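quick one, structure for this:
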Amino acid sequence: MIEVEIKGYADDEVFKRVRKNFQLIRKEYHEDTYYAHPCRDFSSTDEALRIRIRRFNGHFEAFLTYKGPKIDQHSKSRVEIEVPINDPDKHAEILRNLGFSEVLTLDKVREKYYVDKGVVIALDEVSGIGKFVEIETFAEREEEVPRKVSFLREVLGDLGVKRFERRSYLELLLEKDGSHGKTG
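Numbers count the residues shown, from 1 in each chain. Purely as a prediction, here's the structure:
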């Protein structure tokens, strides 16, 4: 499955427009821990591996996620493989025992909104780097990506987003901190 995603910088006005125009699904608290591969530089291959802990409405979910290289020049679209896990600490221990090392953990507050069938907008407040808006959907085939990217960019443009960002939150945090982690 290909995750088709557009991210833009947001301010209070963009947040207000999303809240006014779309239906809130839920508010979530994310803790994303990214890992470096022992033999391959994910920052060079534009890949990522993370464990996400998601908390909402008194519930807890965790996922191990692999993100492949971006597949187009105008979005963050990429192959994403995500599997639920029930013990993130044990999964992290397995990764460490296999030679993976923790790059960093980022925290964010996310509000998810329903746009249309299969389309979701997220308002993100990411510790250390600020406010963003992401819109995503999925594609079965790579040929579908340009059409979907165009639609998603149009929705964000209509909300007042003027500046888009292809870098991941991890990349933005590493650049801000002057770190040079080995993950994408």
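
as a quick check, tell me the outermost residue of the protein.
Relative to the C-alpha centroid of the chain, counting by CA atoms, centre = their mean, Asn97 is the outermost residue, at 25.9 Å.

before we move on, what SS does Asp89 have?
State at Asp89, reduced to three classes by DSSP: H, G, I helix; E, B strand; the rest coil: helix.

and it, how many neighbours?
Neighbour count of Asp89, defined by other CB atoms under 10 Å: 10. For glycine as for every other residue, the C-beta is placed from the backbone atoms N, C-alpha and C.

how close does it get to Arg96?
11 Å (CB to CB, to the nearest Å).

same thing with Val103?
Distance from Val103 to Arg96, by CB to CB: 12 Å.

pull the longest strand from this structure.
Ordering each strand of the chain by length in residues (DSSP state E) puts strand 101-116 first.

CA atoms of it as CSV?
C-alpha atoms of strand 101-116 as CSV (Å, rounded to 0.1, in the frame of the first residue of the first chain):
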residue,chain,number,x,y,z
SER,A,101,20.0,1.8,17.6
GLU,A,102,17.6,4.5,18.8
VAL,A,103,17.9,7.7,16.9
LEU,A,104,15.4,9.8,18.8
THR,A,105,11.9,9.9,20.2
LEU,A,106,9.5,12.7,19.2
ASP,A,107,6.3,13.6,20.9
LYS,A,108,3.3,15.2,19.2
VAL,A,109,-0.3,16.0,19.8
ARG,A,110,-2.5,15.1,16.8
GLU,A,111,-6.1,15.9,16.0
LYS,A,112,-7.5,13.7,13.2
TYR,A,113,-10.3,14.9,11.0
TYR,A,114,-12.5,13.1,8.4
VAL,A,115,-12.4,14.7,5.0
ASP,A,116,-13.8,12.1,2.7
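
what strands flank it, and is each parallel or antiparallel?
Using DSSP bridges, the strands paired with strand 101-116 are strand 23-36 (antiparallel), strand 119-126 (antiparallel).

so Gly128 sits in a strand?
No - per three-state DSSP, Gly128 lies outside any strand segment and is coil.

in this structure, what helix or strand scores lowest on average pLDDT?
The helix or strand of the chain with the poorest confidence is helix 169-177; it has a mean of 91 (mean pLDDT, DSSP states H and E).

before we move on, back to that, next up, phi/psi of the residue farthest from the centre of the chain, please.
Note on Asn97: its backbone torsions stand at phi -70, psi -20 [degrees, to the nearest 10].

could you measure from it over to Lys90?
10 Å.

then Glu61?
Taken as CB to CB, the span from Glu61 to Lys90 is 15 Å.
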